[in-house]
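Trainee: Got a predicted structure plus its sequence, pasted below:
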Amino acid sequence: MNLLLAQCVMCNRTAAAQQAARAGVLNSGILILLIPPILILGGLLWLAYTRQRNE
């Protein structure tokens, strides 16, 4: 299950070479680094939606 969350080949191989606890920390780091791009994309979509609705 831990390796299923790894996003890229390099992360997958690194997680596979580590112990289960370290692989879990790596997967948590990947998810944490994914949060800012999702928030930025959501903000841009919200901004586009509100501006289009006001016109």
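Mentor: Happy to help now that I have it. On a predicted model such as this, the values are computed, not experimentally measured, just so you know.

Trainee: make it CA atoms for all contacts and neighbour counts henceforth
Mentor: Fine.

Trainee: all helices for this protein, in order.
Mentor: Secondary structure of the chain (DSSP state H): helices at 9-17, 20-54.

Trainee: What residues of the first one count as buried?
Mentor: Neighbour counts using 16 or more other Cα atoms under 10 Å place 11-12, 14-15 of helix 9-17 among the buried residues.

Trainee: Quick check: which ranges of this structure have low pLDDT?
Mentor: Filtered on pLDDT under 70, the chain yields the residue ranges 1-7.

Trainee: hang on, the earlier thing: out of the buried residues of helix 9-17, flag the one nearest to Ala21.
Mentor: The closest of the buried residues of helix 9-17 to Ala21 turns out to be Ala15 (Cα to Cα; 9.6 Å).

Trainee: which one is that closest one nearest to, not counting chain neighbours?
Mentor: Leaving out its chain neighbours, the residue that sits closest to Ala15 by Cα to Cα, 6 or more residues apart in numbering is Ala23, at 4.6 Å.

Trainee: correct me, but that neighbour touches Cys11?
Mentor: No - if you go by Cα atoms under 8 Å, Ala23 and Cys11 don't touch, sitting 9.2 Å apart.

Trainee: hang on, the earlier thing: out of the buried residues of helix 9-17, flag the one nearest to Gly43.
Mentor: Using Cα to Cα, Cys11 comes nearest to Gly43 of the buried residues of helix 9-17, at 28.2 Å.
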